[in-house]
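Colleague: Below is the sequence, then the predicted model.
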Amino acid sequence: MAKFIFKRLLQSIIVLIGASAIAFILLRIIPGDPVMLMLSENATDEEINQMREQMGLNLPIWQQYIDYVKQMIVFDFGHSISRGLPSMQLILNHLPATLLLVFWAMVMAIVIAIPLGMFAAVKKNSFSDYIVSILALLGQSVPSYWLGMMLILLLAVHFGILPTSGYGHWSHIILPAFTLAIYQLALIARLMRSSTLDVLNLDYVRTARAKGLPEIVVIFKHVFKNALIPTITMIGLQTGQLLGGAIITEFIFSWPGLGFLTVQSIQAQDYPMIQSLVIVSAIVFIVINLLVDIIYAVVDRRIIVDS
């Protein structure tokens, strides 16, 4: 197990280096100059050059990247240009809101999708199976921004059941979490159905049925665990993606998380802030995937041997 984890850590370091390099280069080649956003239109050339020197933007791009890596090694992510505060402080202030949103979105998706997918597989080609498949397809097809706005209009504006936005009360989390969960719910349900169907056709399942075991024992003792293995991987990947991909949902519901902070930082061309957000998102994604790999290995010990 230790060797397996060590190999995954080495792979994670490579991914982190690649993510930092891509974020650094892309921010330097997009149009715009953060210096001009910070200074007034009447700023002199001397003031502009002084500001660029202060921010290190007058150095060659390779030297900027080396300095950036040095800072990253000692966990110094710099200060936000637009806010004047340490980037990590701002991220830590907004991170709990995103983690809360992603947690409840994934809880909703998992609790509903896994039993739904298994039920559809067990009832293959039945009316129930067709309904689940159609709903899953719709769930993956509906854009989150449209769904979010429709939920606001229907449940918040028309019926007044839930608030349109806000943070701090349990009622504020329902609409954004449900909006974020729909796509994940549909994806997990379809994968769980497909995985369960594959396991149901295996020899040991037919043997268990031939022994006269009750169907519920066959499903939950022999099928569920093995059908869950690919679903665990998908849940881990989707959780990592949600942490960096909840931008639209957070923006629609004015949810004060990392997505909302990302939009504001991009609009202000806040280099240190955007770079810090990319690195933190990559670290969280890597940690989640490492945990998923460990869980995967615990569920199926053959993975450690193959690795």
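Modeller: Looks like it arrived, so ask away. Numbering: from 1, shown residues only.
Colleague: Correct me if wrong: Phe285 contacts Gly240.
Modeller: Yes - using CB atoms under 8 Å, Phe285 makes contact with Gly240 at a distance of 3.7 Å. Placement of C-beta: from N, CA and C, glycine included.
Colleague: can you pull the contacts of Met88?
Modeller: 75, 77, 276, 280 (CB atoms under 8 Å, 6 or more residues apart in numbering).
Colleague: and the helix or strand hosting the last one, which residues are buried?
Modeller: Secondary structure assigned from DSSP states H and E places Val280 in helix 271-299. Neighbour-count burial for helix 271-299, with 16 or more other CB atoms under 10 Å as criterion, is recorded at 271-282, 284-286, 288-290, 292-294, 296-297.
Colleague: and what of stretch 129-148?
Modeller: 129, 132, 135-136, 139, 144, 147-148.
Colleague: Output that stretch as CSV - backbone C-alpha positions only.
Modeller: The C-alpha trace of stretch 129-148 is given here as CSV (Å, rounded to 0.1, in the frame of the first residue of the first chain):
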residue,chain,number,x,y,z
ASP,A,129,-35.8,1.5,-16.4
TYR,A,130,-36.9,3.6,-19.3
ILE,A,131,-38.1,6.4,-17.0
VAL,A,132,-34.8,6.4,-15.1
SER,A,133,-32.8,6.4,-18.3
ILE,A,134,-34.8,9.3,-19.8
LEU,A,135,-34.5,11.4,-16.6
ALA,A,136,-30.8,10.7,-16.5
LEU,A,137,-30.4,11.8,-20.1
LEU,A,138,-32.3,15.0,-19.4
GLY,A,139,-30.2,15.6,-16.3
GLN,A,140,-27.1,15.6,-18.3
SER,A,141,-28.5,17.7,-21.1
VAL,A,142,-30.0,20.6,-19.1
PRO,A,143,-27.5,23.5,-18.7
SER,A,144,-26.9,24.4,-15.1
TYR,A,145,-27.3,28.1,-15.7
TRP,A,146,-30.7,27.6,-17.2
LEU,A,147,-31.8,25.2,-14.5
GLY,A,148,-30.6,27.5,-11.8
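Colleague: Now do the longest helix along the chain, average pLDDT.
Modeller: Counting residues, the longest helix found in the chain (DSSP state H) is helix 87-122. For helix 87-122, mean pLDDT is 90.
Colleague: Begin at 214 from now on, thanks
Modeller: New numbering, starting at 214: the last item is helix 300-335.
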